[in-house]
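*Asks:* I need the structure of the sequence given here:
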Amino acid sequence: MALDERKGVWKSGKGKGRHTPKGRQLDDQAHDEVRALLGDAPRRRDLLIEFLHKVQDTYGHISAAHIRALAEELRTGQAEIYEVASFYAHFDVVREDETPPPALTIRVCDSLSCELAGAEALLAALEDGMDPAQVRVLRAPCMGRCDTAPVLEIGHNHIDQATPEKVQDAIAKGDTHAHIPAYQTLADYRATGGYETLQSLRATGDWEVVQDKVLEAGLRGLGGAGFPSGKKWGFVRMNEGPRYLAVNGDEGEPGTFKDRYYLERTPHLMLEGMLIAAWAVEAERCFIYMRDEYPAVLHILATEIAALETAGIVPEGYIELRRGAGAYICGEESAMIESIEGNRGLPRHRPPFVAQVGIFNRPTLVHNVETLHWVARICREGPEVLNSTEKNGRKGLRSYSVSGRVRNPGVHLLPAGSTIMDIIDAAGGMSDGHSFKAYQPGGPSSGLLPASMSDIPLDFDTLQPHGTFIGSAAVVVLSDKDSAKAAALNMLRFFEDESCGQCTPCRVGCEKAVKLMQADRWDTGLLEELSTAMVDASICGLGQAAPNPIRSVIKHFPDEV
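*Replies:* Numbering: from 1, shown residues only. I've put the predicted structure just below:
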């Protein structure tokens, strides 16, 4: 075939050719804005979520032009940045033909404790009373302030026991920033002997001796899994370095606020515990992943990490503070690691486990905030700080996050063998006019137990025979004025909203469960069949535990369904 007969194969260059590449073009102003925000920061792909926060914080949304500029700076695709930004609830992605959200956003918590305290009426009043062009009112999952329900966040300012009047007052004053509580600074902590244990261990310590001390104390993972904490160190060390340490501060289980409680008061107990654990596994770097709903904690940690660097306790950059962006699933350790790497928080298939293949595919030790708080105390005070306390055949102490129908909600440090009646007594008894009906022993994942089951020690291993577990010890107390059926629906709506969507049993199962649970009478057979599929086939703990509220209400409160 002659060359001139092959139409469309060769171009003469005389036609209407493209003057620009296909797709969205780089906007010079947006590029300059992004470069100014990023400054001298290294253009590393794992810092994408941090960069997205900079854009969101500055402009109140993330425009398509900013996504294009970020893609240019990171030398990656726009679709990759879009899929990350759109995965997280706290990023507002706005296309060219869309209107950006108003300058002020109010997020009203609709978790169980806040719902019991009137969050629905609060939400309705704010939606009716605010100009949507000026203020955006949104539902939001648990903010970790269940002891002061109902709670909302206006900008980054949390308003406890919120009312429309308090909101109007905050808007009038421009009070939209986080309030930093008084806490123990580095100087205060060192005045009480802080970091002397760390320095001694670094000089002459034996990590196996410390590991034995932690095991003797009986410390188990306090994020919910309950795995013996010291054993993790040996698992990580048996893998060749470099190794990393990650602190899981994504305390998103509704009803849980113990980690925030400790970090807003004694942050250096956790930080020293973290550095002791990092020394034990010879970690080359530490990452602290903290949920975005805790702006005061993020400020405290940034301030105190800088103080540690200035004091020479850690080299600059040894501790990286990473900010979550509103995704409950990132409390699952492998999803958290994906988020640290700048990706969507999708749980990984296991094995391999994160002790072998964690951050950047390197062996990674993952601990919960409160776990590291106790590591520091055990190393300073000895194993007896935990194992000398015994109740109902159980040893140790538990930080119970208590909310709902009690007089004094809050974090109550009690013997690990405490029953729900002990916990209610510690919280000042039931609220006036309320009689004890039911309780959630460990967050929505644990379901509901009736008041008749009030003699069970709330600890690891004691609740499994009853089809539930202690989890993160998030205790919500319900009264005779509350509906167990409505409480279960609240929990499933949370799981439906927070499912990452990766696996069908969880993604579709939560949605179908919510629809079935809204019926006047539940189709218990179909719900049980659905629950079995979710438990058996979901990739991670979210889908596996989501049916617990359904099953517990069918079992213990059949008259309601």
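
*Asks:* quick one: contacts for the closest residue to Pro363 other than its chain neighbours?
*Replies:* Excluding the flanking residues, the one nearest Pro363 by Cβ to Cβ, 6 or more residues apart in numbering is Asn239, at 3.8 Å. Just so you know, the C-beta spots here come from the backbone N, C-alpha and C atoms, and that holds for glycine as well. Taking Cβ atoms under 8 Å, 6 or more residues apart in numbering, we find Asn239 in contact with Ala355, Gln356, Pro363.

*Asks:* also Tyr183?
*Replies:* Glu264, Arg265, Thr266, Pro267, Ile300.

*Asks:* how about 7 Å then?
*Replies:* By Cβ atoms under 7 Å, 6 or more residues apart in numbering, the contact set of Tyr183 is Glu264, Arg265, Pro267, Ile300.

*Asks:* returning to what we had before: what is the nearest of the contacts of Asn239 to Glu284?
*Replies:* Of all those, Pro363 has the smallest distance to Glu284: 10.4 Å, by Cβ to Cβ.

*Asks:* what sits against the closest one?
*Replies:* Val236, Asn239, Arg243, Ala355, Gln356.

*Asks:* try 8 Å
*Replies:* Neighbouring residues of Pro363 by Cβ under 8 Å, 6+ apart: Val236, Asn239, Glu240, Gly241, Arg243, Tyr244, Val281, Ala355, Gln356, Val357.

*Asks:* repeat that for Glu33.
*Replies:* Thr58, Tyr59, His66, Ala69.

*Asks:* and the third one, what element?
*Replies:* According to DSSP states H and E, His66 maps onto helix 64-74.

*Asks:* run the chain-centre distance for that helix.
*Replies:* Relative to the chain's own centre, helix 64-74 is displaced by 27 Å; criterion: Cα atoms, centre = their mean, to the nearest Å.

*Asks:* same thing with stretch 262-281?
*Replies:* Distance, centroid of stretch 262-281 to centroid of chain: 18 Å (Cα atoms, centre = their mean).

*Asks:* I'd like the average pLDDT over that stretch.
*Replies:* Averaging pLDDT along stretch 262-281 yields 98.

*Asks:* same check on stretch 394-407?
*Replies:* The pLDDT scores in stretch 394-407 average 97.

*Asks:* now swap in stretch 20-37 and tell me
*Replies:* 93.

*Asks:* shouldn't Leu321 be within a strand?
*Replies:* Yes - checked against DSSP: H, G, I helix; E, B strand; the rest coil, Leu321 lies within a strand.

*Asks:* and it, how many neighbours?
*Replies:* 18 (other Cβ atoms under 10 Å).

*Asks:* continuing past the helix holding His66, what's the next helix or strand?
*Replies:* Downstream of helix 64-74 (by DSSP H and E), the next one is helix 78-85.

*Asks:* and that next one with helix 64-74, angle?
*Replies:* Put simply, helix 78-85 runs at 110 degrees to helix 64-74, going by axes from the mean of the first three to the mean of the last three Cα atoms, to 10 degrees.

*Asks:* show me what helix 78-85 is packed up against.
*Replies:* Using 3 or more Cβ pairs under 8 Å, 6 or more residues apart in numbering; DSSP states H and E as the contact test, the elements touching helix 78-85 are helix 48-59, helix 64-74.

*Asks:* change it to 6 Å
*Replies:* The elements that helix 78-85 packs onto, with contact taken as 3 or more Cβ pairs under 6 Å, 6 or more residues apart in numbering; DSSP states H and E, are helix 64-74.

*Asks:* ok, and the closest non-adjacent residue to the most centrally placed residue in the chain?
*Replies:* Residue closest to the average C-alpha location in the chain (Cα atoms, centre = their mean): Asp250, at 2.5 Å. Leaving aside its chain neighbours, Asp250 sits nearest to Gly331 (4.3 Å; criterion: Cβ to Cβ, 6+ apart).

*Asks:* which pair in the contacts of Tyr183 spans the largest distance?
*Replies:* The distance between the two most remote of the contacts of Tyr183 (Cβ to Cβ) is 9.7 Å, for Arg265 and Ile300.

*Asks:* mind checking which of those two has more residues around it?
*Replies:* Neighbours per residue (other Cβ under 10 Å) separate Arg265 from Ile300, with Ile300 holding more: 22 against 14.

*Asks:* give me the phi and psi angles of the more buried one.
*Replies:* Reported as degrees, to the nearest 10, the phi and psi values for Ile300 are phi -60, psi -50.

*Asks:* quick one: it and His268 touch, right?
*Replies:* No - Ile300 is beyond contact range of His268, at 10.0 Å (criterion: Cβ atoms under 6 Å).

*Asks:* tell me where the model's unsure across the stretch 51-200 of the chain.
*Replies:* For the stretch 51-200 of the chain, no stretch is flagged by pLDDT under 70.

*Asks:* so which residues of it form helices?
*Replies:* Listed in chain order, the helices of the stretch 51-200 of the chain (DSSP state H, counting those that start in this stretch) span 64-74, 78-85, 112-116, 119-129, 164-173, 186-191, 196-204.

*Asks:* what's the following helix or strand after the last one?
*Replies:* The element immediately downstream of helix 196-204 (helix or strand, assigned by DSSP H and E) is helix 207-217.

*Asks:* list the buried residues of that next one.
*Replies:* Residues Trp207, Val210, Gln211, Lys213, Val214, Leu215, Ala217 are the ones in helix 207-217 that count as buried (16 or more other Cβ atoms under 10 Å).

*Asks:* the first one against Ala280, yeah?
*Replies:* When you say that, I think you mean Trp207. Yes - using Cβ under 6 Å, Trp207 is in contact with Ala280, at 4.1 Å.

*Asks:* can you check the pLDDT for Ala225?
*Replies:* According to the per-residue confidence, Ala225 scores 81 in pLDDT.
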